[in-house]
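Participant: got a sequence here, can you build the structure:
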Amino acid sequence: MGMPARWWRTTVDRWLDARAARAARITHAAGLPDLLERLGQRYRGRAQRRGLQLALEIDPTLGPDLVGPIRGLGDMLQPLMELAIDHPASDVVTLAIDVVRDEPGRQVAHFSMILKPTDDAATDSFASVIDAIRRRLDTLGGVLAIETADVYRIAIELGFIVPPAAPHVDVVALRTMLGSDAAMREVIDALREALAADVGDLEGALARADAHAVRQWLHRVSGALGMAEATGLSAMGIRLEQDLAVRPLDDMALGIRRFAMDATRALAWLREGRGHEPLI
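Facilitator: A predicted model of the protein is given here:
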């Protein structure tokens, strides 16, 4: 006796979904654009097998390189996309990203999808996904909004840091403030030594998952960069420190390491002493 066609189709679908998940590796996303690309790679085939299309609508004012809980966002969008594909409101399943608050150095965005539960089993599945998303958002300082009518609109609200458009150290302003090249060299040497030690401290704190130590590191380095007139980077470090007070270290590690790299570049630029060019 042959296997039922439905059982065989379900088995093949699960195998295809698992292969797509291994290829996409959502947890390896290096930023929001990379996360969205990996989500499309993972779920495009699943949608097509159900006769659906995946679509992405992005607010044109969304920052291109936001820093924040990218891994946590991926953890929430995966079950939400699966639910929307299994219970679509139309033949196009859309992930919409809208900026709802835009402030200097920070954006708050909605990541929303529309779905239509069709029976009690679908409603139970919906409730389970929503409970899981709420619990995850509680650790990230985000908000979940749900609108219900003929369909459900689920919106995940999260805040992100907008990095400086181009990391910049105003060497000319620093030299003018200090009054002499000799004084500037003393400040640069002191900052170089402090930051070199602190970068090593950071890696150890991240390895130990010591959020308190990482916040202290961010505070010290932000202050040092402020003294060096690297105001954009200093402000970004302060925002990372503030976010880490309400978000898990695991979700902020990518942004913190990026900040450390930019801070190291800033110090390298100061050591070169090219006072008439910006840090690119």
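
Participant: going forward, measure contacts between C-alpha atoms and count neighbours the same way
Facilitator: Will do.

Participant: nearest residue to the middle of this protein?
Facilitator: Note on the chain: the residue nearest the mean C-alpha position is residue 70, at 2.8 Å, using C-alpha atoms, centre = their mean.

Participant: what separates that one from residue 33, distance-wise?
Facilitator: Here residue 70 is placed at a distance of 10 Å from residue 33 (C-alpha to C-alpha, to the nearest Å).

Participant: now do residue 116
Facilitator: Distance from residue 116 to residue 33, by C-alpha to C-alpha: 27 Å.

Participant: okay, the two: which has more neighbours?
Facilitator: The residue with more neighbours, out of residue 116 and residue 33, is residue 116; 22 against 14, by other C-alpha atoms under 10 Å.

Participant: how near is the more buried one to residue 49?
Facilitator: 18 Å.

Participant: where in the stretch 151-280 of the chain is pLDDT low?
Facilitator: Of all residues in the stretch 151-280 of the chain, those with pLDDT under 70 make up the ranges 164-175, 187, 190-200, 269-280.

Participant: so residue 246 makes contact with residue 139?
Facilitator: Yes. Applying C-alpha atoms under 8 Å, one finds residue 246 in contact with residue 139, separated by 7.0 Å.

Participant: quick one, what contacts the residue nearest to the centre of the chain?
Facilitator: For residue 70, the contact set (C-alpha atoms under 8 Å, 6 or more residues apart in numbering) comprises 29, 31-32, 35, 251.

Participant: ranges for the strands of the chain?
Facilitator: 53-58, 92-103, 106-115, 143-148, 152-161 (DSSP state E).

Participant: using JSON lines, lay out the ones you listed together with distance to residue 81 and mean neighbour count.
Facilitator: Below are the strands of the chain laid out as JSON lines (distance: least, C-alpha to C-alpha, whole Å; neighbours: other C-alpha atoms under 10 Å):
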{"stretch": "strand 53-58", "distance to residue 81": "10", "mean neighbour count": "14"}
{"stretch": "strand 92-103", "distance to residue 81": "8", "mean neighbour count": "17"}
{"stretch": "strand 106-115", "distance to residue 81": "8", "mean neighbour count": "21"}
{"stretch": "strand 143-148", "distance to residue 81": "15", "mean neighbour count": "13"}
{"stretch": "strand 152-161", "distance to residue 81": "11", "mean neighbour count": "21"}
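
Participant: I'd like those laid out as JSON lines, including distance to residue 42.
Facilitator: JSON lines is the format used below for the strands of the chain (distance: least, C-alpha to C-alpha, whole Å):
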{"stretch": "strand 53-58", "distance to residue 42": "11"}
{"stretch": "strand 92-103", "distance to residue 42": "14"}
{"stretch": "strand 106-115", "distance to residue 42": "17"}
{"stretch": "strand 143-148", "distance to residue 42": "24"}
{"stretch": "strand 152-161", "distance to residue 42": "20"}
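
Participant: how about the helices in the stretch 1-150 of the chain?
Facilitator: 5-24, 32-49, 70-86, 120-140 (DSSP state H, counting those that start in this stretch).

Participant: could you do the stretch 151-280 of the chain as well?
Facilitator: So, for the stretch 151-280 of the chain - with DSSP H, counting those that start in this stretch - the helices run 171-178, 181-208, 211-227, 231-244, 249-272.

Participant: quick one, domains of this structure?
Facilitator: Listed by automatic domain parsing, the domain ranges of the chain are 5-161, 171-272.

Participant: what's the separation between residue 244 and residue 62?
Facilitator: 22 Å.

Participant: swap that for residue 46, sorry
Facilitator: 28 Å.

Participant: then residue 222?
Facilitator: Counting by C-alpha to C-alpha - residue 222 and residue 62 are separated by 26 Å.

Participant: same deal with residue 108?
Facilitator: 9 Å.

Participant: now residue 90
Facilitator: Using C-alpha to C-alpha, residue 90 is found at 26 Å from residue 62.

Participant: give me the more crowded residue out of the two.
Facilitator: residue 62 (17 against 14).

Participant: can you check the pLDDT for the more buried one?
Facilitator: We have a pLDDT of 90 for residue 62.

Participant: identify the residue spatially nearest to it, adjacent ones excluded.
Facilitator: Leaving aside its sequence neighbours, residue 62 sits nearest to residue 99 (C-alpha to C-alpha, 6 or more residues apart in numbering; 6.1 Å).
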